[in-house]
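> here is my input, please return the structure:
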Amino acid sequence: MMVPAGLSPGHIGTVCYVNARLFDPGQDLDVKGGIRVTNGIINSLGPKITAKSRPANEQIVDCKGRLLLPGLVDMRVFAGEPGFEYKETLATATESAAAGGVTTIITMPNTDPVIDDAALVDFVLRRARDTGIVRVAPMAALTKGLAGHEMTEFGLLREAGAVAVTDGIQSVANARVLRRAMAYARDFGLPIVQHVEDADLALNGVMNEGELSTRLGLPGIPSMAELIVLERDLRLVELTGANYHASQISSRAAVEATRTAKKNGLPVTCGVSINHLSLNENDIGSYRTFFKLSPPLRSEEDRKALVEGVEDGTIDVIVSGHDPENPDTKRLTFDEAAFGAIGLETLLAAAHGLHLNENIPMETLITAMTRTPARILGLEAGALTEGAPADFSLFDEKIAWAVEEWGLKSKSNNTPFEDRLMQGRVVRTVVAGQTAYELDAQ
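Numbering: from 1, shown residues only. You can find the predicted model right below:
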């Protein structure tokens, strides 16, 4: 398995985290106990790790009964660097990630220049090592310049450290190009990650097509734009046998198509953003641009279908869809505003809200944000096991807090959860044995 861009251990020696509820559904672990970290690696864990059992010279951290979770792996993060540092940098993106319990971010290639050659993959990894406080694993462009015509050099990108190939916020329209890409990606062990949306059907649309878009006088994007691309891609997967991941689905029809593909044995996975699980088109209200997303927020029926898809395992991964935009591109009329919302800092808290409000088991939610994305991308991450990197977070389910612009670490503040009251908060994040984030008031 690959290890994302590494960090030097922050504490040379041993630290014991005791009095925690160790929770890792991927390991069938839910027990009161502790975890011993030595030189950035999990040395041992379990109920026998207590304050009394530790040697006198070991540092101790009292977790006060909080959940100790594997570090989250977020498969869809726009970091802004290079080229869009005014929106976000790798430094600020990783600070946001740490505040949300995310210890590995998977970055998108939609930068300037586009991450479409090995040197640029190396640049991202070096910048992450120099300025980041969590692990970073880049995805590279599937086609040169994201133009959809000419494939990139998959082998060189893989060697440089790319964990998947994608054209980011657009799908590859040319079926011949995508078929060839799938065949090559299969040979190099690279997943194909696709944004499933027909650009022509979605052209000029700004929200879900339906009764609400008509009443608001806004051009709509039909859910069929998603289904058409997904159905075509599934047929190409059947033809090539490539590992394929639909990055964000948003409709009932897409859930059903994916469910059928899995039943037929195709090597297909898919993701959904926490926004689409928590919100629907009605949240747009009076043209609130922080709710302008791609894919768009759909109907409540679609949202419920997404929740069901997560519960029954049809949807494999939950992502933040972190896409920073500054006021110049967001605080405009709905038609003119850019798509996108930040989400790294609210991902885990919003998922906990789904557990409380929708009765989705925490085991299901945590697996979809840890073990499963790590498995899809072949990363050594998302697990609490002896010998694994010491990447984890402490989550206090009792803390209630309001999402406020001034309190966010991101360089941009376009959160759809603005002013929303959350139940549960990350109070500490540890990466490679080093405390990357600690809530001020514990």
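
> okay, and the helix or strand of this protein with the least pLDDT?
Sorting the helices and strands of the chain by mean pLDDT, DSSP states H and E puts helix 327-330 at the bottom, at a mean of 90.

> tell me the pLDDT of the residue of the chain most remote from its centre.
The C-alpha centroid of the chain is most remote from residue 56, which lies 39.6 Å away (CA atoms, centre = their mean). Residue 56 is assigned a pLDDT of 70 by the prediction.

> measure it to residue 14 for me?
Per CB to CB, to the nearest Å, residue 56 is found 12 Å from residue 14. All C-beta spots, glycine's among them, are computed from the backbone N, C-alpha and C.

> what do you get for residue 342?
Distance, residue 342 to residue 14, by CB to CB: 36 Å.

> quick check: buried residues in stretch 129-136?
Neighbour counts over stretch 129-136 (16 or more other CB atoms under 10 Å) mark 131, 132, 133, 134, 135, 136 as buried.

> tell me which of these fall in helices.
If you go by DSSP state H, the buried residues of stretch 129-136 have residue 131 in helices.

> and the furthest pair within the buried residues of stretch 129-136?
Within the buried residues of stretch 129-136, 131 and 135 form the most distant pair, 12.9 Å apart (CB to CB).

> phi, psi for the closest residue to residue 439 other than its chain neighbours please.
Excluding its sequence neighbours, the residue lying closest to residue 439 (CB to CB, 6 or more residues apart in numbering) is residue 427, at 4.3 Å. Torsion angles at residue 427 (phi, psi; degrees, to the nearest 10) stand at phi -110, psi -20.

> verify the stated contact: residue 427 with residue 398.
No - contact criterion CB atoms under 8 Å: residue 427 and residue 398 do not qualify, at 10.4 Å.

> and the strands in the stretch 101-250 of the chain?
Ranges of strands in the stretch 101-250 of the chain, per DSSP state E, counting those that start in this stretch, are 102-107, 135-138, 140-141, 165-166, 192-194, 207-208, 220-221, 244-246.

> how about residue 416, what does it touch?
Residues in contact with residue 416 (CB atoms under 8 Å, 6 or more residues apart in numbering) are 275, 279, 283, 290, 291, 293, 341, 343.

> switch to 6 Å and redo it
Counting by CB atoms under 6 Å, 6 or more residues apart in numbering, residue 416 makes contact with 275, 290, 291, 341.

> kindly report the same for residue 148.
172, 173, 174.

> what score does the spatially closest residue to the first one that is not a sequence neighbour have for pLDDT?
Sequence neighbours aside, residue 178 is the residue nearest to residue 172 in space, at 4.4 Å (criterion: CB to CB, 6+ apart). We note a pLDDT of 97 for residue 178 in this prediction.

> how much space between residue 280 and residue 55?
As judged by CB to CB, residue 280 and residue 55 stand 54 Å apart.

> okay, and the residue nearest the centre of the chain sits in which element?
Nearest residue to the geometric centre of the chain (CA atoms, centre = their mean): residue 74, 2.5 Å. Element membership for residue 74, per DSSP states H and E: strand 72-77.

> just the buried residues from the contacts of residue 148, in PyMOL please.
Per 16+ other CB under 10 Å, the buried members of the contacts of residue 148 correspond to this PyMOL selection:
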select buried, resi 172
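
> any chance of TSV for the contacts of residue 148, columns pLDDT and distance to residue 386?
Supplementary listing: these in TSV, determined by pLDDT from 0 to 100; distance: CB to CB, whole Å:
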residue	pLDDT	distance to residue 386
172	96	42
173	95	47
174	96	47
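
> quick revisit: could you pull out the buried residues of the least confident helix or strand of the chain?
Buried-residue list, helix 327-330, by 16+ other CB under 10 Å: 329, 330.

> equivalent analysis for stretch 61-70, please.
61, 63, 66, 67, 68, 69, 70.

> beta-bridge partners for the last one, please?
I take that to be residue 70. residue 392 (DSSP bridges).

> isn't it up against residue 25?
No - with contact defined as CB atoms under 6 Å, residue 70 does not reach residue 25; the gap is 9.2 Å.

> tell me the SS of residue 93?
The three-state label given to residue 93 by DSSP: H, G, I helix; E, B strand; the rest coil is helix.

> OK, contacts around the closest residue to residue 266 other than its chain neighbours?
Spatially, and ignoring its direct neighbours in sequence, residue 266 is nearest to residue 237 (5.2 Å; CB to CB, 6+ apart). Residue 237 sits next to 244, 266, 268 when contact means CB under 6 Å, 6+ apart.

> switch the cut-off to 8 Å
Residue 237 neighbours (CB under 8 Å, 6+ apart): 182, 244, 261, 266, 267, 268.

> turn those into JSON lines, columns for pLDDT and distance to residue 211.
Putting these into JSON lines (pLDDT from 0 to 100; distance: CB to CB, whole Å) gives the following:
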{"residue": "182", "pLDDT": "97", "distance to residue 211": "38"}
{"residue": "244", "pLDDT": "98", "distance to residue 211": "33"}
{"residue": "261", "pLDDT": "97", "distance to residue 211": "30"}
{"residue": "266", "pLDDT": "97", "distance to residue 211": "34"}
{"residue": "267", "pLDDT": "97", "distance to residue 211": "38"}
{"residue": "268", "pLDDT": "98", "distance to residue 211": "32"}
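
> farthest-apart pair in the residues you listed, please.
Counting by CB to CB, the most remote pair of the contacts of residue 237 is 182 and 261, 14.2 Å apart.

> neighbour count: residue 427 and residue 398, which is higher?
Higher neighbour count among residue 427 and residue 398: residue 427, with 20 against 9, using other CB atoms under 10 Å.

> from residue 313, how far off is residue 264?
Note on residue 264: its distance to residue 313, by CB to CB, is 15 Å.

> quick one, which of these two is more surrounded?
Higher neighbour count among residue 264 and residue 313: residue 313, with 13 against 10, using other CB under 10 Å.

> mind listing what residue 25 touches?
With CB under 8 Å, 6+ apart, residue 25 has these contacts: 362, 363, 364, 366, 367, 371.

> quick one, phi psi at it?
Residue 25 adopts backbone torsions of phi -60, psi -30, taken as degrees, to the nearest 10.

> pLDDT value on it, please?
At residue 25, the pLDDT value in this model is 95.

> tell me the SS of the closest residue to it other than its chain neighbours?
Among residues not flanking residue 25 along the chain, residue 363 sits closest, at 3.7 Å (CB to CB, 6+ apart). Secondary structure, three-state DSSP: residue 363 is helix.

> ok, the closest residue to residue 341 other than its chain neighbours to residue 277 distance?
Computed as CB to CB, 6+ apart, the closest residue to residue 341 that is not its neighbour in sequence is residue 416, at 4.8 Å. Here the criterion is CB to CB. By it, residue 416 lies 12 Å from residue 277.
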